[in-house]
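> Here is a sequence with its predicted model. Questions after.
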Amino acid sequence: MPDVFTKAKRSLVMSRIRSRGNKDTELALIRVFRAEGITGWRRHQRIRCNGQRLTSNGERSKLSVGRWKSSLSVRPDFVFPRLKLAVFVDGCFWHGCPKHGTRPKQNRKFWDAKIARNRDRDRSVNRELRKLGWRVVRIWEHDLAKCGDRCSRRIQAVLSASA
């Protein structure tokens, strides 16, 4: 079935989809945080490796070019900086949810590759943040929509374990 929009209109529609401030993901979690009295979080705060790179044996080293460079720079949806906790809210479509992730019929090869890259990047970011001593919590969009209280209990358990 061909697209119902022209190429220009489809481009306009897709350009309006934002990665931040989504009411079903980020804004819903903010409502949960406020309702449960969870404090200490920041939105989209960049996490860097303080200009250092971790070597394979866990020691910090200087890059061969003679200056410090960050090996990781990521902006989780929510960060609890004092407790070194990063919270990501993953959309079911964009991150390939096994329960609710749909695959478009048009241009399937492109979308399969795109979602696979997103999932690979998610795994890589999780691994690198954990190497730096951060804890990572990932919440699916559908979990947040159905039972925000379960998500809040999960986050509170991580927060209380670190306090």
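Received it, and whenever you're ready, just let me know what you need. This structure is a prediction, so every number in the text was calculated from the model and none was measured.

> could you say which helix or strand contains residue 98?
Residue 98 is part of no helix or strand when elements are defined by DSSP states H and E.

> burial of it, as a residue count?
When counting by other CB atoms under 10 Å, one arrives at 7 neighbours for residue 98. Heads up, the C-betas are built off the backbone N, CA and C, glycines and all.

> Could you report the distance from it to residue 90?
12 Å (CB to CB, to the nearest Å).

> Over to residue 103?
From residue 103 to residue 90 the distance is 16 Å (CB to CB).

> Tally up the residues packed near residue 11, please.
Residue 11 has 11 neighbours, counted by other CB under 10 Å.

> okay, it: pLDDT?
pLDDT recorded at residue 11 is 82.

> Likewise for residue 32?
89.

> OK, contacts around it?
For residue 32, the contact set (CB atoms under 8 Å, 6 or more residues apart in numbering) comprises 38, 144, 148-149, 151-152.

> who wins for neighbours among those residues?
residue 151 (23 neighbours).

> Wait, a helix at it?
Yes: with DSSP: H, G, I helix; E, B strand; the rest coil as the criterion, residue 151 is part of a helix.

> show me what contacts it?
29, 32, 139, 143-144.

> now do 7 Å
32, 139, 143-144 (CB atoms under 7 Å, 6 or more residues apart in numbering).

> Over to residue 139?
87, 89-90, 151.

> Next step: these restricted to helices.
If you go by DSSP state H, the contacts of residue 139 have residue 151 in helices.

> of the contacts of residue 139, closest to residue 48?
residue 87 (17.6 Å; CB to CB).

> Which strand residues bridge the residue most central in space within the chain?
Geometric centre of the chain, nearest residue: residue 88, 3.6 Å, by CA atoms, centre = their mean. Counting by DSSP bridges, residue 88 is bridged to residue 138.

> can you tell me how far it sits from residue 12?
Using CB to CB, we find residue 88 at a distance of 28 Å from residue 12.

> Helix or strand with the lowest mean pLDDT in the protein?
strand 53-54 (a mean of 42; mean pLDDT, DSSP states H and E).

> chain center to stretch 33-51, what's the gap?
When C-alpha coordinates are averaged (CA atoms, centre = their mean, to the nearest Å), stretch 33-51 and its chain have centres 12 Å apart.

> Thank you, goodbye.
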